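Novice: Based on what follows, work out the 3D shape:
(chains A and B)
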Amino acid sequence: MSGTFTTSTARNIFYGGTLFFLLVFLALTFQNEQIIPKRDRREMLANPQIAEGKKLWETNNCIGCHTLLGEGAYFAPELGNVVVRLGSKEAVKAFIKGRPAEGIAGRRSMPQFNFSDKDLDAIADFLEYVSKIDAAKWPPNVQG
Amino acid sequence: MQYKSQAVAKPYFIAALALFVAQILFGLIMGLQYVWGDFLFPHIPFNVARMVHTNALIVWLLMGFMGAAYYLVPEEAETELHSPKLAIALFWIFLVAAGLTVVGYLTVPYATLAKVTGNDLLPTMGREFLEQPLLTKAGIVVVALAFLFNITMTILKGRKTAINTVLLLGLWGLAVMFLFSFYNPDNLVKDKFYWWWVVHLWVEGVWELILGAILAFVLIKITGVDREVIEKWLYVIITLTLVTGIIGTGHHYYWIGTPEYWQVWGSIFSALEPIPFFAMTLFAFNMVNRRRREHPNKAATLWALGTGVMAFLGAGVWGFLHTLAPVNFYTHGTQITAAHGHMAFYGAYVMVNLTIISYAMPLMRGRAANSNKSQVTEMWGFWLMTVSIVFITLFLTAAGILQVWLQRVSDNPMPFMMAQDQASLFYWLREWTGVVFLVGLVVYLASFFIKGEEKAAA
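Specialist: As a prediction, this is how the structure comes out:
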């Protein structure tokens, strides 16, 4: 690495290359924003319950054990398709509601969050919304 | 140590190592919960332990980066730090904020913590790695800006080297990308899309600039190779990093509601992401082979070489393993991801921090290098921790393959928890290896207290 390839050449390639690929990335991001309205089910957000459910999802740190569309912790099942897996929003609510406060001996245990029925409705609506996002056919099967 | 103000790095390094211990202890708790499900339940449920584990990691790496900057910037700029007092004040603010946040995680339910810290004003909490309360996030921004001011002013008044420039770019990038943590739309797809601008563009983007700059600094010092050569390598490496890594973000956009063209862009560019790490390995070995002096600090040299190798294996090879979209379709969100995460973070960011700590701490304690006995102990720490992380990664990979097979690929897919039970042998092996890692960490820390015949600082 000597001769014509000097440090300042390397530096210029760094700045030029980075800038070029950053611009390509921003162009892809722009195009992304044009396309996602067809996939992200934003029309469902007209139901304020979904935003409320997302907030409950966040403020109870559900992502600390579960994945949602494959992102999160790998300690507990994927929830992006849980409404489909359990068959209904009612089943999801019943599951959350039914967790014993002291856990299940020896098993990975989900906390009892003491949600109100209104909270449970919001969470179920949020999870149903997530299940309808077009995630390119992921997960491979209903088990998540 | 050539400038008095470099010494402000010391408390940063000490606090970083203390948080490292906390990180590992909580990692062991989580590892046990994988096989002994209700261990510590409901007092420390898994999600709480995980927040402490990951947040302690992030904070200690940031502490280490800041310490590294305070140590190397004055020496590179050939001038005293702009304000050592500000650096010390920021240290305490950052440490207290981090401490209070952890106490908050451990003592109050997360929902209560969110309520009392004003999450309703601007909901940002409850997203992976960005769980910190709004106040803590704001604190991080304030500390980062004041820190950057201090460092930037130092560089402006002194010599401008490539190492300082690259480090500064990385640190500013770190602060700027963190601002996306305040953007949390109700639309989950957009939330996830920009969340990666913090997470991916940190660890597979700007942090690599910081990593490269620190490694280059240490290599100049321990090998005595011409700055010209090392700085050229540095620019080549970070060019490769950002050229591949920025669009490589696309490998997170396969299955989250984003358009399918990301499967092509993400696969191609992220498949190239191992190249800068491979270059880093070549860089470290080349420079050490071409050394013009025998630096007495053998341990620091070992850490520098280790960073090159382990970053390539963890971030490069284990990243490539599951980055192509058709593979990732099956491995996304499994223990394969966890395996990659562990070796990548250790190999790249933990090890580069331990490299600069290994190089700088003896100098700040008034000697060129620790005694032979102390260095041998430190190297035992190196090998115990490094071999442990390799096995942790292998066991998690085995668990991941089993999980993918049983839960995703087989004709009769198994429910998540049943598949987890099948993998429990590997989780036990991972946990015991984690104990060995902790032993390695204790041995490493013990090396700081071993005296013996030392060479005086030059």
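Novice: Report how many residues lie close to B:Leu282.
Specialist: Applying other C-beta atoms under 10 Å in any protein chain shown, we find 14 residues neighbouring B:Leu282. Every residue, glycine included, has its C-beta placed from N, CA and C.
Novice: where's it relative to B:Leu234, distance?
Specialist: From B:Leu282 over to B:Leu234 the distance is 13 Å, taken as C-beta to C-beta, to the nearest Å.
Novice: Over to B:Ile93?
Specialist: The gap separating B:Ile93 from B:Leu234 is 31 Å, by C-beta to C-beta.
Novice: Look at these two and report which has more neighbours.
Specialist: B:Leu234 (31 against 14).
Novice: can you pull the pLDDT of the closest residue to the more buried one other than its chain neighbours?
Specialist: Excluding the flanking residues, the one nearest B:Leu234 by C-beta to C-beta, 6 or more residues apart in numbering or on different chains is B:Ala216, at 4.5 Å. Listed pLDDT for B:Ala216 reads 98.
Novice: Tell me who's in contact with B:Ala216.
Specialist: Taking C-beta atoms under 8 Å, 6 or more residues apart in numbering or on different chains, we find B:Ala216 in contact with B:162-163, B:166, B:230-231, B:233-234.
Novice: again, only using 10 Å
Specialist: Each residue near B:Ala216 by C-beta atoms under 10 Å, 6 or more residues apart in numbering or on different chains is listed here: B:72, B:161-163, B:166-167, B:227, B:230-231, B:233-235, B:237-238, B:280, B:283-284, B:287, B:304.
Novice: Name the SS class of the spatially most central residue of chain B, please.
Specialist: By C-alpha atoms, centre = their mean, chain B has its centre lying nearest to B:Tyr349, at 3.5 Å. Three-state assignment for B:Tyr349 (DSSP: H, G, I helix; E, B strand; the rest coil): helix.
Novice: Let me know the helix or strand that the residue nearest to it when sequence neighbours are not counted is in.
Specialist: Closest residue in space to B:Tyr349, ignoring its immediate chain neighbours: B:Leu61 at 5.0 Å, by C-beta to C-beta, 6+ apart. Using DSSP states H and E, the element containing B:Leu61 is helix B:46-77.
Novice: mind checking how far whatever helix or strand the residue nearest to B:Leu234 lives in is from the chain centre?
Specialist: Here B:Ala216 sits within helix B:207-223, counting by DSSP H and E. How far helix B:207-223 lies from its chain's middle: 15 Å, per C-alpha atoms, centre = their mean, to the nearest Å.
Novice: Stretch A:23-35 too?
Specialist: Using C-alpha atoms, centre = their mean, the offset of stretch A:23-35 from its chain centre is 20 Å.
Novice: Show the average pLDDT along stretch A:58-70.
Specialist: 98.
Novice: repeat for stretch B:286-300
Specialist: Average pLDDT, stretch B:286-300: 97.
Novice: Then stretch B:394-409?
Specialist: If you average the pLDDT over stretch B:394-409, you get 98.
Novice: Okay, domains of chain B per the record?
Specialist: Domains of chain B are assigned by automatic domain parsing as B:1-160, B:225-449.
Novice: can you put those domains in CSV and add distance to B:Tyr194?
Specialist: Shown next, in CSV, are those (distance: least, C-beta to C-beta, whole Å):
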stretch, distance to B:Tyr194
domain B:1-160, 10
domain B:225-449, 11
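Novice: on that earlier part again, narrow the contacts of B:Ala216 to those in helices?
Specialist: Judged by DSSP state H, helices contain the following of the contacts of B:Ala216: B:72, B:162-163, B:166-167, B:227, B:230-231, B:233-235, B:237-238, B:280, B:283-284, B:287, B:304.
Novice: quick one, phi/psi of the residue nearest in space to the middle of chain A?
Specialist: When C-alpha atoms, centre = their mean is applied to chain A, the residue found nearest the centroid is A:Leu68 (4.0 Å). Backbone geometry at A:Leu68, expressed as degrees, to the nearest 10, gives phi -130, psi 110.
Novice: thinking it is in contact with A:Trp57, fair?
Specialist: Yes: using C-beta atoms under 10 Å, A:Leu68 makes contact with A:Trp57 at a distance of 7.7 Å.
Novice: quick one: common contacting residues for those two?
Specialist: Counting by C-beta under 10 Å, 6+ apart, the contacts common to A:Leu68 and A:Trp57 are A:79, A:126-127, A:130, B:127, B:188.
Novice: Helices - which of those residues land there?
Specialist: Judged by DSSP H, the shared contacts of A:Leu68 and A:Trp57 include A:126-127, A:130, B:188 as members of helices.
Novice: quick one: which of those residues is nearest to A:Thr4?
Specialist: A:Thr4 lies nearest to B:Leu188 out of these, by C-beta to C-beta, at 50.9 Å.
Novice: State the distance from the closest residue to that closest one other than its chain neighbours to B:Ile256.
Specialist: Setting aside the residues directly before and after it, B:Leu188 is nearest to A:Val130 in space (C-beta to C-beta, 6+ apart), at 6.0 Å. Relative to B:Ile256, A:Val130 is positioned 10 Å away (C-beta to C-beta).
Novice: Quickly list what's touching both of the two.
Specialist: The contact sets of A:Val130 and B:Ile256 overlap at A:68-69, A:80, B:188-189 (C-beta under 10 Å, 6+ apart).
Novice: pLDDT below threshold where in chain A?
Specialist: A:1-2 (pLDDT under 70).
Novice: The same query, at a cut-off of 80, please.
Specialist: Across chain A, residues meeting the criterion (pLDDT under 80) sit at A:1-3.
Novice: Run the chain-centre distance for stretch A:62-78.
Specialist: How far stretch A:62-78 lies from its chain's middle: 9 Å, per C-alpha atoms, centre = their mean.
Novice: should've said stretch B:418-438
Specialist: For stretch B:418-438, the distance to the chain centre is 23 Å (C-alpha atoms, centre = their mean).
Novice: ok, B:Val309 touching B:Gly347?
Specialist: Yes: the pair B:Val309 / B:Gly347 is scored as a contact, 7.5 Å apart, by C-beta under 10 Å.
Novice: Please, which helix or strand holds residue 93?
Specialist: Using chain A. helix A:89-97.
Novice: um, chain B though
Specialist: Using DSSP H and E, B:Ile93 falls within helix B:84-107.
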